[in-house]
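# Let's see this in three dimensions:
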Amino acid sequence: MHSSIGQIRWRRVLLVVAAVFVGKWAIVIGVVAVYGFKLGLETGGAPDQAKIQQFAQRVAPVLLPIVAVLLTVVTARWVARKNDAGSSVVNGLTVGVLVAVTTLLLSRSFDARLLASFLVTIGAGWLGGLAGRKGSASALLGTPSPGSPPR
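Numbers count the residues shown, from 1 in each chain. Reported below is the predicted structural model:
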């Protein structure tokens, strides 16, 4: 029996795990910056820092896990499509697990939202791994992949 665990592309996996963390924070900071810019335009001067901070405190806890899940699917797919079909899902799942575990370890508190985010992020890695398998697009669209027998 051939193990696909040995076919994990650790360099790519670790690169995209880091990219998910940098990317999710960059996106959230960008959203807060756009809000601050909008406030500045509305007031015609310097924006109210208290309003920006309040917005960030309200939006970040909701937006960070959503962006992390979306980035996990995309990056897990990227890692998975560079592999053969047998190890694609394992590579994608590894991305999801590492993003989820790292998020858990860096969290200040543990609650139901964090647990849900943990499980959904692992699922996002698995989904990205499935989506990145060779021939997965043709299987999803119902079209035969090259070399497969006609229906």
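# List the buried residues of stretch 54-74.
55-56, 60, 63-65, 67-69, 71-74 (16 or more other C-beta atoms under 10 Å). From N, CA and C alone the C-beta is placed, and that goes for glycine too.
# Next up, phi/psi of the residue of the chain most remote from its centre, please.
Note on the chain: the largest C-alpha distance from the chain mean falls to G44, namely 37.1 Å (C-alpha atoms, centre = their mean). Main-chain torsions, G44, degrees, to the nearest 10: phi 80, psi 20.
# Any figure for the gap between the most centrally placed residue in the chain and L105?
In the chain, the centroid-proximal residue (C-alpha atoms, centre = their mean) is T72; its distance is 2.0 Å. To L105, T72 is 16 Å away according to C-beta to C-beta, to the nearest Å.
# what's downstream of the strand or helix carrying G40, the next helix or strand?
Here G40 is covered by helix 10-43, with elements defined by DSSP states H and E. Sequence order places helix 49-80 as the next helix or strand after helix 10-43, per DSSP H and E.
# What average pLDDT does the following helix or strand past that following helix get?
Next in sequence after helix 49-80, counting helices and strands by DSSP H and E, comes helix 85-106. The average pLDDT for helix 85-106 rounds to 92.
# now helix 85-106 against helix 49-80, angle please.
Here helix 85-106 runs at an angle of 150 degrees relative to helix 49-80 (axes from the mean of the first three to the mean of the last three C-alpha atoms, to 10 degrees).
# Show me what helix 85-106 is packed up against.
Under the contact criterion of 3 or more C-beta pairs under 8 Å, 6 or more residues apart in numbering; DSSP states H and E, helix 85-106 touches helix 10-43, helix 49-80, helix 112-132.
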